[in-house]
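Colleague: mind folding the following:
(one chain, ligands or ions: 1)
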Amino acid sequence: MFVYRGSTALITGASKGLGKVFAETLAARGMNLVLVARSGDALQALAADLTARHGVKSIALNADLGETSAATQIARELERRGIQVDLLINNAGLGLTGSFLSHDLRKEQSEIQVNVQALAALSHLFGSGMAKRGRGGIINLASNASFQPIPFMATYAATKAFVLHFSEALQFELAGTGVHVMAACPGPTATSFFDGVSTNVSPRSMDRPESVVQKTLEAFDRRKAVVYPGRAGVRAATWLSRLLPRALVVRIAAMASGKMGLHG
Ligand SMILES: NC(=O)c1ccc[n+]([C@@H]2O[C@H](COP(=O)([O-])OP(=O)(O)OC[C@H]3O[C@@H](n4cnc5c(N)ncnc54)[C@H](OP(=O)(O)O)[C@@H]3O)[C@@H](O)[C@H]2O)c1
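Modeller: Okay, here's the model as predicted:
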């Protein structure tokens, strides 16, 4: 069982949504925290609040993971401060909705940088130390979107397929080293994720971030490779893509994203 108290977690995308709930939950378990996101003020306030409430060390690192050098800069800064990361939660992520060609190319590339490149870089930079010490954990936020191509969220679904496949393979490679890797595949969750996107999905029909985080950490404690922390129907839908012909899966996914109002 992973020992939380006194260990250090690095959480990306900790300024709001699932990342903030991970931070609050892990601080309550006595973990020291490194909080990463672009919203420096929100991170500073959260770090101060968690230190005051739980007596843990908590630092805020302002970083844009859309920049190619961000992961290396974070690792350098933590080395300079003598901070070792025991649990990495690659949570930062974003999803553009609407037609691929309607988006600014730089935004598409930034989405891939944050969801894929930064996640792989941080896993490498901090996973190496964990493997040497024979102890650690990596939780990567994938999605129910990981299981099929999704027209009008094309890049997002493809990046989340990467996260799932990468995490499962890494979990296998690191089995026996003392480092446990897990992918979390939530369904629609009531966070800021859909802010600024016109969608027909009401927050009432989404999962609560607190429940998603609790189920994710329970599964991590049980050393699962993949967790489905959303409602049962979301998990059931992930089976369709394993059973049906791919062309049909794409059509069904397009219908579903249209029904959610994501075609832009
Ligand atoms: N909500 C859902 O329905 C859902 C479902 C399945 C999977 N997920 C995944 O869960 C993870 C968390 O999402 P959420 O729902 O909590 O979304 P959210 O409320 O929008 O939070 C996203 C977090 O990512 C950070 N972030 C975004 N771009 C960044 C960048 N360039 N550099 C650094 N940090 C960045 C944001 O911080 P700043 O803006 O301060 O930088 C924020 O803290 C994501 O990987 C998402 O794909 C979400």
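Colleague: got the buried residues for the longest helix along the chain?
Modeller: Longest helix of the chain, by residue count under DSSP state H: helix 154-174. For helix 154-174, a neighbour-count test (16 or more other Cβ atoms under 10 Å) marks 154-164, 166-168, 170-171, 174 as buried. No exception for glycine: its C-beta is placed from N, CA and C like everyone else's.
Colleague: can you name the secondary structure element that comes next after it?
Modeller: Using DSSP states H and E, the next helix or strand after helix 154-174 towards the C-terminus is strand 179-184.
Colleague: pull up the pairing partners for that following strand, direction included.
Modeller: Sheet pairing here is set by DSSP bridges, and for strand 179-184 it gives strand 136-141 (parallel), strand 226-227 (parallel).
Colleague: what does the helix or strand harbouring Ala120 contact?
Modeller: Element membership of Ala120 [criterion: DSSP H and E] is helix 119-133. Contacting residues not belonging to helix 119-133 are listed as 10, 12, 71-72, 74-75, 84-86, 88, 90, 136-138, 140, 163, 166, 170, 174, 177-179, 181 [Cβ atoms under 8 Å, 6 or more residues apart in numbering].
Colleague: give me the pLDDT value at Met1.
Modeller: On the pLDDT scale, Met1 is placed at 82.
Colleague: for it, give me its contacts.
Modeller: Asp221 are the contacts of Met1 under Cβ under 8 Å, 6+ apart.
Colleague: and what of Ala14?
Modeller: Counted by Cβ under 8 Å, 6+ apart, Ala14 has contacts 20, 22-23, 33, 35-37, 43, 46, 91.
Colleague: which of those count as buried?
Modeller: Applying 16+ other Cβ under 10 Å to those, the neighbour count classes 20, 22-23, 33, 35-37, 43, 46, 91 as buried.
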